[in-house]
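S.K.: coords please:
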Amino acid sequence: MAISNFVKRIQDVMRNDSGVNGDAQRIEQIVWILFLKIYDAKEEAWELYDDNYTSIIPEGLKWRDWAVDRKDGEALTGDGLLDFVNNTLFPTLKNLEIDETTPMSQVIVRYAFEDANNYQKDGVLLRQVVNIIDEIDFTEYKERHEFGAIYESFLKDLQSAGNAGEFYTPRAVTDFMVKVVKPVLGDKIGDFACGTGGFLTSALNELDKQVGNSLENREIYNKSVYGIEKKALPHMLCVTNMLIHDIDDPNILHGNALEMDYKDMRKMEPFDVILMNPPYGGSEKDSVKSNFPTELRSSETADLFMNVIMYRLKKNGRCAVIIPDGFLFGTDNGKFNIKKKLFSEFNLHTVVRMPHSVFAPYTSIRTNILFFDNTEPTKETWFYRVDMPEGYKNFSKTRPMKLDHFNDALNWWENREEIEVDGFPKAKRYTIDEIIERSYNIDLCGFPHEEEVILEPMDLIQEYQEKRASLNAEIDHVLEQITSMLGGN
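M.R.: Residues are numbered from 1 along each chain as shown. Okay, the predicted model is just below:
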């Protein structure tokens, strides 16, 4: 099947259905249908290799039972199809019985449908979409992997689908982080806010090169990655992504990694590699903040995820995490203590400052990549600024960031030296004493002011609030010192 126009064909059908409103709903509609098609192909393979395999999906509800149109006039369509999907298929899959003995390869079916919706109201158009998806042969390796590129276009579309864009990290960024961290077969790789699975698939692409023809290596590959995602749509997108990448038993949980007490996190199996772009700009409720020690509590979601990473990174493990500028310059109580713990217990060896608009149009806030390992306390930290490529004013959907834009950073990584451009440091090394002297304000090697961009109103408000909190904390610190010098009076 020629699948190059796959997305366009489905778009053309869905535009005529009054139930589908906007990109986010279109993607969610495609994905639950796609999930069932791919899962059925996987089950066919599992049945072939295991005579005792029993599906969690009841008879009559498998893709092969209702979705395949055998052109005999018996295929469900129109109101009959809508009634089946809305009143039989969805209620059953949402309430599948699972327990601690249910394998993850089956648990994911219920997870995938817990918060899924059928948006289409026209049963004839729904049948047309199902037929288009059924044309893809996921039992064929070549066609399945060719479809991987098409699937990536779904994920890119999320960037222009309202708030759903927060769950997609540009592939150039995930690939760069993986190239630097260098995961190896046998590493346990985690992402505790995995979104659509971009970091996990970048890591799997790297591991796949190491598998060869070994069945034992393939089994190790299959158990390499772990993810948690709080929201339904990206969770389903991620599980489907794992199946496409030949992870037969996707360990992708539907839940909130922050809703666990830090004492329990310490008891859990740690990770060799953590790759993350935690959500930022959010504010967590008190019940979530109370899962962390008092001195490490923060209202900012990204700060709390830094705590999770530090609790769950294995001794000698490596981490790469994307953090907004507010974490770098913030010196309020929570951020100060989180950074103090990071520098005193981990080796934060590199901070890469990224140019603006990498995540546009979802957010204009500047972001940074922190690279650290659990080997020893930090002695020195290198800062490196990735400038906007020549000829670019902004990144956009039509001109996204590419892996090539990190070439200078990759070359510098292996041959580090301090660099100055037009009087501004582009790459510079700072000792831990210099960082402590700055009260862990690590807003260093930033972008020249003439490159400053106008932020979206809500992003601007957030940045001002973070700067105000940082300044208040610095003022309080100075007042404490003066009071101490005056004998406490």
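
S.K.: got the contact list for the closest residue to Met260 other than its chain neighbours?
M.R.: Nearest residue to Met260, sequence neighbours excluded (Cβ to Cβ, 6 or more residues apart in numbering): Asn291, at 6.2 Å. No exception for glycine: its C-beta is placed from N, CA and C like everyone else's. By Cβ atoms under 8 Å, 6 or more residues apart in numbering, Asn291 lies in contact with Leu258, Glu259, Met260, Asp261, Tyr262.

S.K.: what's the neighbour count on the first one?
M.R.: By other Cβ atoms under 10 Å, the residues close to Leu258 number 23.

S.K.: correct me, but it touches Asp303?
M.R.: No. Taking contacts as Cβ atoms under 8 Å, Leu258 lies outside contact range of Asp303: 10.5 Å.

S.K.: Show me the two of the contacts of Asn291 that sit farthest apart.
M.R.: The largest separation in the contacts of Asn291, counting by Cβ to Cβ, is between Glu259 and Tyr262 at 11.6 Å.

S.K.: Counting neighbours, go ahead and name the busier of these two.
M.R.: Shown here are Glu259 and Tyr262; by other Cβ under 10 Å, Tyr262 has more neighbours (16 against 12).

S.K.: From Val124, how far out is Arg110?
M.R.: 29 Å (Cβ to Cβ, to the nearest Å).

S.K.: of the two, who's got more company?
M.R.: Using other Cβ under 10 Å, the more surrounded residue of Arg110 and Val124 is Arg110, with 18 against 15.

S.K.: does the more buried one count as helix, strand or coil?
M.R.: helix (DSSP: H, G, I helix; E, B strand; the rest coil).

S.K.: 442 is where my numbering starts, stick with that
M.R.: With 442 as the first residue, the last one maps to Arg551.

S.K.: my guess is it meets Phe531, correct?
M.R.: No. Judged on Cβ under 8 Å, Arg551 makes no contact with Phe531 at a distance of 11.6 Å.

S.K.: hmm, back to that, strands - which of the contacts of Asn732 land there?
M.R.: Among the contacts of Asn732, DSSP state E puts none in strands.

S.K.: The residues you listed in helices, which ones?
M.R.: Tyr703 (DSSP state H).

S.K.: Point me to the helix or strand that includes Gly767.
M.R.: helix 766-770 (DSSP states H and E).

S.K.: average model confidence for that helix?
M.R.: Mean pLDDT, computed over helix 766-770, is 89.

S.K.: Could you list every helix and strand in contact with that helix?
M.R.: helix 742-753, helix 774-786, strand 808-814, helix 898-926 (3 or more Cβ pairs under 8 Å, 6 or more residues apart in numbering; DSSP states H and E).

S.K.: switch the cut-off to 7 Å
M.R.: helix 898-926 (3 or more Cβ pairs under 7 Å, 6 or more residues apart in numbering; DSSP states H and E).

S.K.: Not counting sequence-adjacent ones, nearest residue to Val548?
M.R.: In space, Val548 is closest to Ile539, 5.3 Å off (Cβ to Cβ, 6+ apart).

S.K.: mind checking how far that neighbour is from Leu783?
M.R.: Noted for Ile539: a distance of 37 Å to Leu783, by Cβ to Cβ.

S.K.: From the recorded domain assignment, give the ranges for this protein.
M.R.: For the chain, automatic domain parsing gives the domain ranges 447-580, 611-634+698-901.

S.K.: and Val509, how many neighbours does it have?
M.R.: 15.

S.K.: tell me the pLDDT at the closest residue to it other than its chain neighbours?
M.R.: Once flanking residues are discounted, Val509 sits nearest to Asp575: 6.0 Å by Cβ to Cβ, 6+ apart. For Asp575, the pLDDT comes out at 92.

S.K.: Now do the same for Thr791: helix, strand or coil?
M.R.: strand.

S.K.: For the nearest residue to it once chain neighbours are set aside, name its beta-bridge partners.
M.R.: Taking Cβ to Cβ, 6+ apart, and ignoring the residues beside it in sequence, Thr791 has Phe812 as its nearest neighbour in space, at 4.2 Å. As for beta bridges, Phe812 partners with Ala761, Thr791 under DSSP bridges.

S.K.: Wait, Phe812 touches His790, no?
M.R.: Yes. Using Cβ atoms under 7 Å, Phe812 makes contact with His790 at a distance of 6.1 Å.
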